[in-house]
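*Asks:* One predicted model, sequence on top.
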Amino acid sequence: MKIIACIKQVPDSEAKVKAVPTGDGKVGQVSWGDAPLVINPFDEYAVEGALQQKEAAGGTVTALCIGPESARDALKHALAMGADEAVLVSDAALENLDTVGAAKVLAAAIQKIGGADMVVFGRQTLDNGAGLTPAQTARVLGWPMLGLAGQVKVEERSVTVERVLEEGRQSMKANLPAVLSVVQSIGEPRYPSFMGIRKASKATIPVWSLGDLGIAAPAAIVTRAELMNPPAQETATEMITGETPAEIAEKLADKIIAEKVL
């Protein structure tokens, strides 16, 4: 079975958001500053889930990532965990991808890799947390989507998953090829072994551009979030006094009626 684990490089979870001044009255563009970049923690579960299926049914696992050259480190992490191959899609035109654009690029890369039986995602990414890319990729590919899987079982040319929902557990089945997103119940991600780290350090990771995929840059791009100064608010407080509680209550009632609060 040929499995593709889609991963992403994100800022470390300990990173703090910074605002870069723009000089036009706004606080500025949101920036992660100099925070170290790591493999998306949720995507480690995707790699773990893919490796479990490889061990159960045989086959290969390919890690796939969209990102800059630095994203090689995230792919090397997946290789050190046990993935057989890795592919990086990197192009200057992909800097501000939204989830729809990412799905189109990932689908093109999956088709270029060819022969995939299963594509596995983490439940969401740490940087934006939309959790939409798995379903959107499945739609572009025209494959069934099984989301939030805590357990996965493959039998011949079908896959059955137990979905972990707020309301409980739900069992669903689909024919392969299929797209899955997995949750933490899939199992704790394995630590990269010493041999895996050595293998990853020597691995050659091909880099594909949009030209290699045969597609144009997706038209839909995100507008980066901006921090803005909130509008100034002016408030006035009026203290109602009186000799007795009854007098204060009467004044308050008159004030409420006069202000047409009631």
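*Replies:* Done, it's in.

*Asks:* buried ones in the helix or strand containing Arg139?
*Replies:* Element membership for Arg139 (DSSP states H and E) is helix 133-141. By neighbour count with 16 or more other C-beta atoms under 10 Å, helix 133-141 contains the buried residues 133-134, 136-138, 140-141. Every C-beta, even on glycine, is put in place using the N, C-alpha and C of the backbone.

*Asks:* Please identify which of the residues you listed is nearest to Gly115.
*Replies:* Closest approach between the buried residues of helix 133-141 and Gly115, by C-beta to C-beta: Leu141, at 13.1 Å.

*Asks:* Tell me how many other residues surround the nearest residue to the closest one once chain neighbours are set aside.
*Replies:* Counting by C-beta to C-beta, 6 or more residues apart in numbering, Ala107 is the residue found nearest to Leu141 once chain neighbours are left out, at 5.0 Å. Around Ala107 there are 22 other residues, counting by other C-beta atoms under 10 Å.

*Asks:* Pro177 now?
*Replies:* Pro177 has 22 neighbours, counted by other C-beta under 10 Å.

*Asks:* How much space separates it from Gly115?
*Replies:* Distance of Pro177 to Gly115, given as C-beta to C-beta, to the nearest Å: 9 Å.

*Asks:* Touching the helix holding Arg139 from outside, list them.
*Replies:* For helix 133-141, the surrounding residues in contact (C-beta atoms under 8 Å, 6 or more residues apart in numbering) are 6, 99-100, 102-104, 106-107, 110-111, 119, 121, 125, 144-145, 147, 177-181.

*Asks:* do the same with stretch 204-222
*Replies:* Contacts of stretch 204-222 with the rest of the structure, by C-beta under 8 Å, 6+ apart, involve 69, 72, 75-76, 86-91, 93-94, 96-98, 100-101, 104-105, 108-109, 112.

*Asks:* In strands only, show me those.
*Replies:* Mapping the contacts of stretch 204-222 onto strands (DSSP state E) picks out 86-89.

*Asks:* tell me the mean pLDDT for the lengthiest helix in the chain?
*Replies:* Ranked by residue count, the top helix of the chain under DSSP state H comes out as helix 41-57. Here helix 41-57 scores 97 as its mean pLDDT.

*Asks:* who touches the residue positioned nearest the centre of the chain in this structure?
*Replies:* In the chain, the residue lying closest to the centroid (C-alpha atoms, centre = their mean) is Thr125, at 2.0 Å. Residues in contact with Thr125 (C-beta under 8 Å, 6+ apart) are 8, 10, 40, 42-43, 131, 133.

*Asks:* the strands in the stretch 151-262 of the chain, which residues?
*Replies:* Here the stretch 151-262 of the chain has its strands, by DSSP state E, counting those that start in this stretch, at 158-165, 168-175, 178-182, 207-208, 226-227.

*Asks:* Many thanks, we can stop here.
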